[in-house]
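J.: sequence unavailable; structure follows:
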């Protein structure tokens, strides 16, 4: 592979959780990498106050963080394990309970602030001699060169060339747009309200989710006894919830959660963001690869979005490292299609499942409500099936890349 004329072998557009994980996963190779992050580092650094945006991190994702050397940076700030998960339907008696002890595991996963994850990964990337962290910097223009290489101009007017341009720049990916890769999908006509709250009763290191007719309401356990809530509801109700004062919002939240954790007594800053399903028609083109939200956006009801993106990053890293070992061009379509084939099917399956759950639990017809409550109860009573679902969600099953299996 002749890259002598290239400024970088690889430019990663987007230094969020997924893009920075890819940089770290490739940081021990001989590839010369540029990682572009639009925000100054001081704005990413966690503060004393908990961030309202958190992610439910699977065991597979934690293995990736550990393998690339970023996990200790996260635990130095704060991570919150959860050992159980309880899900129930507000319209009936159906419920399901997952317990890590029943599958011989110490926990199901972790709840971690997005900023803690991103900061630890970026700090790790800065330590790697083959990674240049360009921050703050963002793509301004992209031009195709001969041999499927790329000339990129940044918003500070710097210009670089690269063999492979990776779009890790989110749902509105500029890389995807410049590559003329179309997307399919739809808006859910829902918004997710997020905040950190404190209740009178302990969260018991348990992730809780109640399916309301307007959308799921999740309480995710935090290290200091509080919970991070994700309340998916109609956009007009989300606007109304944001407009309430703290006391009125706490009362509404207590009622919506059926007082499962007692009374809500403290509410942090609130925010809301729209929900949609989106999937790129292609993940790759010669010299181009999409990962994370640039490739796929899912409903957050099972908290799988960031975990899918991290599996993308670990898989693409493995494919590129294997290409180097065998002497293949990392920007060739032959190499990149292996990544697409590996990830696209699993991502589509998860997207279909989340979309199906969203529609199933949003249905108001009494026969559908009866069937879904019966389904929850039957699944809860069927140990092997329930354990299989838990292991799959934790990243203990499936065709996983080496990093997600704990193999560096």
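T.: It's in. Small disclaimer: the values here were computed from a predicted structure and weren't measured. Residues are numbered from 1 along each chain as shown.
J.: in the chain, which helix is the longest?
T.: helix 333-362 (DSSP state H).
J.: average model confidence for that one?
T.: Model confidence over helix 333-362, given as mean pLDDT, is 85.
J.: and stretch 56-68, by the same measure?
T.: For stretch 56-68, the mean confidence score works out to 96.
J.: what does stretch 171-191 give?
T.: 94.
J.: isn't residue 305 up against residue 293?
T.: Yes - contact criterion CB atoms under 8 Å: residue 305 and residue 293 qualify, at 7.2 Å. C-betas here are computed from N, CA, C, even on glycine.
J.: compare these two (neighbour count), which wins?
T.: More crowded of residue 305 and residue 293, by other CB atoms under 10 Å: residue 293, with 26 against 21.
J.: measure the more buried one to residue 219 for me?
T.: Per CB to CB, to the nearest Å, residue 293 is found 24 Å from residue 219.
J.: and what of residue 209?
T.: Applying CB to CB to residue 209 and residue 219 gives a distance of 8 Å.
J.: between those two, which is the more surrounded one?
T.: Of the pair residue 209 and residue 219, residue 219 is the one with more neighbours under other CB under 10 Å, namely 25 against 20.
J.: mind listing what the more buried one touches?
T.: 197, 199, 203, 207, 208, 209, 227, 228, 229, 257, 260, 261 (CB atoms under 8 Å, 6 or more residues apart in numbering).
J.: and with 7 Å instead?
T.: By CB atoms under 7 Å, 6 or more residues apart in numbering, the contact set of residue 219 is 203, 208, 227, 229, 257, 261.
J.: tell me the centre residue of the protein?
T.: In the chain, the residue lying closest to the centroid (CA atoms, centre = their mean) is residue 306, at 1.0 Å.
J.: that one - that's part of a helix, no?
T.: Yes - per DSSP: H, G, I helix; E, B strand; the rest coil, residue 306 lies within a helix segment.
J.: in space, what's closest to it - neighbours in sequence excluded?
T.: residue 55 (4.5 Å; CB to CB, 6 or more residues apart in numbering).
J.: quick check: the one you found vs residue 260, distance?
T.: Distance of residue 55 to residue 260, given as CB to CB: 22 Å.
J.: so where's the chain shaky on pLDDT?
T.: For the chain, residues meeting the criterion pLDDT under 70 lie at 1-5, 301-303, 357, 359-365, 367-368, 408.
J.: quick revisit: gap between the very next helix or strand once past the longest helix of the chain and the chain center?
T.: Next in sequence after helix 333-362, counting helices and strands by DSSP states H and E, comes helix 366-381. In terms of CA atoms, centre = their mean, to the nearest Å, the centre of helix 366-381 is found 28 Å from the chain centre.
J.: flag every buried residue along helix 366-381.
T.: Residues 369, 372, 373, 376, 377, 379, 380 are the ones in helix 366-381 that count as buried (16 or more other CB atoms under 10 Å).
J.: ok, now stretch 105-125?
T.: So, applying 16+ other CB under 10 Å, buried residues of stretch 105-125: 105, 108-125.
J.: and stretch 258-267, by the same measure?
T.: Buried residues in stretch 258-267 (16+ other CB under 10 Å): 261, 264, 267.
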